[in-house]
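J.: quick one: sequence plus predicted model below, questions after.
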Amino acid sequence: MDENQIATVIVDCCYKVHTVLGPGLLESVYESALSYELQQRGLDVVRQQLIPVVYEGVVLGEGFRADILVDDKVIIELKSVESVVPVHKKQLVTYLRLSGKKLGFLVNFGSNLIKDGITRVVNGL
């Protein structure tokens, strides 16, 4: 599957998880449930994937952890907050750039309506 096909599955799974669990739980609960749903649909899911940072040709210690990495192509950054602030999107943009991935989703399960909580972020896609 390419990134756009994976994206369709991710959005569908986010809707299902939010419908079943509702808003307001811890991020870790949504991470578990979303990972389960994605795996049920045949996608490869890695939780808390360590992605190193290379600075001037040197691999630095621990870089960052992607909440969910899907099929080694799409990063999902999860939140469960009242509202997403601009730094959350900037964080995902940086993750995409540093990892070389082309597509990411910022998903806020704290939103009353999940359609308002999903932001698609691209990096040269």
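T.: Everything's here; your move.

J.: C-alpha from now on. contacts and neighbour counts both.
T.: Noted.

J.: C-terminal to the helix or strand of the chain with the lowest mean pLDDT, what's the next element?
T.: Taking mean pLDDT, DSSP states H and E as the measure, the chain has strand 54-55 as its least confident helix or strand, at a mean of 85. Once the chain leaves strand 54-55, the next helix or strand it forms, by DSSP states H and E, is strand 58-59.

J.: can you list contacts of that following strand?
T.: In this structure, residues lying in contact with strand 58-59 by Cα atoms under 8 Å, 6 or more residues apart in numbering are Pro52, Val53.

J.: in stretch 27-42, which residues are buried?
T.: Residues of stretch 27-42 classed as buried under the neighbour-count rule (16 or more other Cα atoms under 10 Å) are Glu27, Tyr30, Glu31, Ala33, Leu34, Ser35, Glu37, Leu38.

J.: kindly export it (C-alpha atoms) in CSV.
T.: Listed next in CSV are the C-alpha coordinates belonging to stretch 27-42 (Å, rounded to 0.1, in the frame of the first residue of the first chain):
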residue,chain,number,x,y,z
GLU,A,27,-3.1,8.9,25.0
SER,A,28,-1.7,5.5,25.9
VAL,A,29,-5.3,4.0,25.7
TYR,A,30,-5.9,5.4,22.3
GLU,A,31,-2.4,4.3,21.2
SER,A,32,-3.2,0.7,22.2
ALA,A,33,-6.7,0.7,20.6
LEU,A,34,-5.6,2.4,17.4
SER,A,35,-2.6,0.0,17.0
TYR,A,36,-5.0,-2.9,17.5
GLU,A,37,-7.4,-1.6,14.8
LEU,A,38,-4.6,-1.0,12.3
GLN,A,39,-3.2,-4.5,12.9
GLN,A,40,-6.6,-6.0,12.5
ARG,A,41,-6.6,-4.5,9.0
GLY,A,42,-3.3,-6.0,8.1
